[in-house]
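**Student:** Requesting a structural model of the entry that follows:
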Amino acid sequence: MSGIKQNIDNLLKALPARVTLVAVTKTRSSEEALEAYNAGLRVFGENRVQELASKKALLPQDIQWHLIGHLQTNKVRHAVAAASMIESVDSIRLLEALNSEALRQERVIECLLQVHIATEETKSGFAVGEIEQTDWASVSAALGAVRIRGLMGMATFTEDTDKVRSEFRSLARLFSETRVRCFSDNPLFTHLSMGMSGDWKVAAEEGSTMIRIGTLIFGERIKK
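**Tutor:** Numbering: from 1, shown residues only. Take a look at the predicted model:
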């Protein structure tokens, strides 16, 4: 059994059934990604549109590709063409750009609203107040080719587990409140994407439905 398959098996055994494992293939080879596919994974994440598109062309076509990195508006056309879901939508302007392009391509694109819950200013996302104050039911109704499926967030990079737990708990609360307030009639608002290799256990305990894992599947990245 390969190390990648063993790592995936260990993760799947430890994860609650509700949680989807997203294999993050950033900087990884197509061969490594194929090992993860052969081990049973079907949802993969990439930070950059170009890397996502190039791997998609080489790998089995039943993979669902998630864009998890920041998306610039000048890359929207390529993102809509290649991704199944964009987890990193951080503005209504970007939602509208994605909708226009998806209509042009005659397809539907699924999105998560990224929320800024960490203390690092370098992380992107809507402010918590923006999520709380926006009428997402009206926003969603105006998007003919975009489905808002839930929220995504990244906790502060720290060894302080209590801080990480507090941030994830606040995001889970925001998710629940937003679902009740704006999506009570929409059964598609179901995803809460939080948790990565260093904090996935806490995220799962706090209600995550989707974790984004690279290192724990593929090992430490080799720096070139």
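**Student:** When you work out contacts or count neighbours from here on, use the C-alpha atoms and nothing else.
**Tutor:** OK.
**Student:** Find the nearest non-adjacent residue to residue 143, please.
**Tutor:** residue 99 (6.0 Å; C-alpha to C-alpha, 6 or more residues apart in numbering).
**Student:** Do I have it right that that neighbour meets residue 145?
**Tutor:** Yes - here residue 99 lies in contact with residue 145, judged by C-alpha atoms under 8 Å, at a distance of 5.3 Å.
**Student:** and the helix or strand harbouring the residue nearest to residue 143, what other elements does it pack with?
**Tutor:** Using DSSP states H and E, residue 99 falls within helix 92-105. Secondary-structure packing of helix 92-105 (3 or more C-alpha pairs under 8 Å, 6 or more residues apart in numbering; DSSP states H and E): helix 76-82, strand 109-115, strand 146-153.
**Student:** so the second one versus helix 92-105, what angle?
**Tutor:** Counting by axes from the mean of the first three to the mean of the last three C-alpha atoms, to 10 degrees, strand 109-115 points 170 degrees away from the direction of helix 92-105.
**Student:** Please renumber the chain so that the first residue is 30 from this point on.
**Tutor:** Happy to do that; since the first residue is 30 now, the last one works out to strand 138-144.
**Student:** measure residue 214 to residue 207 for me?
**Tutor:** 12 Å (C-alpha to C-alpha, to the nearest Å).
**Student:** try residue 87
**Tutor:** Distance from residue 87 to residue 207, by C-alpha to C-alpha: 38 Å.
**Student:** the more surrounded of those two?
**Tutor:** Between residue 87 and residue 207, counting by other C-alpha atoms under 10 Å, residue 207 is the more crowded of the two (22 against 11).
**Student:** ok, now which ones touch the more buried one?
**Tutor:** Contact partners of residue 207, counting by C-alpha atoms under 8 Å, 6 or more residues apart in numbering, are 160, 161.
**Student:** Also residue 104?
**Tutor:** residue 78.
**Student:** what about the strands in this protein?
**Tutor:** Under the criterion DSSP state E, strands of the chain are mapped to 49-53, 72-75, 93-96, 114-118, 138-144, 175-182, 220-223, 239-242.
**Student:** Just the residues contacting the first one, thanks.
**Tutor:** So that's strand 49-53. Against strand 49-53 from outside (C-alpha under 8 Å, 6+ apart): 41, 65, 70, 72-75, 238-243, 246.
**Student:** Same check on the fifth one?
**Tutor:** Residues outside strand 138-144 that contact it (C-alpha under 8 Å, 6+ apart): 109, 112-119, 127-128, 131, 153-157, 160, 174-183, 200, 220.
**Student:** Write the ChimeraX selection for whichever of the residues you listed are buried.
**Tutor:** The ChimeraX selection below is limited to those of those classed as buried (16 or more other C-alpha atoms under 10 Å):
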select :109,112,113,114,115,116,117,118,119,127,128,131,153,154,155,160,174,175,176,177,178,179,180,181,182,183,200,220
